[in-house]
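*Asks:* here you go, sequence then predicted model.
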Amino acid sequence: MRHNTALRLAIRVSLFGLVPISGAMATTPTPTISSVTTLYDGSGNPTALYIAGAGFCASSCSPKPTVNLGGTSLTVANASATSIQATLLNPTLAASYTLTVNAGNGATGAAVFDVAIDQELNAGATGAAGATGATGKTGATGTTGATGKTGATGATGA
């Protein structure tokens, strides 16, 4: 019986191509949130959330991760694998919310974080001027200035 060596070799190569090699398969990042910072406008109203963490995207962030605050979807202005800036709706009331981040391009899973959003206190009116302070010590004498030009001759006296 004659064996076709080329055919046996092709079958072996094909079978080995299906076997995963340990460590060769890439792991997919899962998002984690380490901190959330509320950003405010000049009037003290919350305008955006800055979310720091990891695994928000696998490589590029297209499509971007999705952000949900207390059941409301937020617009993601910027995103990377380690940070997200999401725009808050106007108005966003001061309260505690559950924040959920669903991973973007190439990443899987979701991260959940409890966040409290406060209204910043607006600056009040400018207060009255304070009392005048005590007089300070006399300073050191300065250097003598340059001699000036000789003035014009005055009128002859009577």
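*Replies:* Nice, thanks for sending it over.
*Asks:* contact partners for the residue nearest the centre of the chain?
*Replies:* For the chain, residue 50 is the residue whose C-alpha lies nearest the centre (CA atoms, centre = their mean; 5.0 Å). Residue 50 sits next to 36-39, 83-85 when contact means CB atoms under 8 Å, 6 or more residues apart in numbering. C-beta: built from backbone N, CA, C; applies to glycine.
*Asks:* restricted to strands, list those residues.
*Replies:* Secondary structure from DSSP state E places 36-39, 83-85 of those in strands.
*Asks:* and the residue nearest to the centre of the chain, that's in a strand?
*Replies:* Yes - assessed with DSSP: H, G, I helix; E, B strand; the rest coil, residue 50 lies in a strand.
*Asks:* bridged to it, which residues?
*Replies:* Taking DSSP bridges as the rule, residue 50 bridges to residue 37, residue 85.
*Asks:* from residue 126, how far off is it?
*Replies:* 31 Å (CB to CB, to the nearest Å).
*Asks:* tell me the confidence at residue 129?
*Replies:* You'll see residue 129 listed with a pLDDT of 89.
*Asks:* Three-state assignment for it, please.
*Replies:* Per three-state DSSP, residue 129 ends up coil.
*Asks:* can you check residue 116 too?
*Replies:* Residue 116 is classified as strand under three-state DSSP.
*Asks:* so where's the protein shaky on pLDDT?
*Replies:* Scanning the chain for pLDDT under 70 picks out 1-28, 106, 120-124.
*Asks:* alright, calling it a day.
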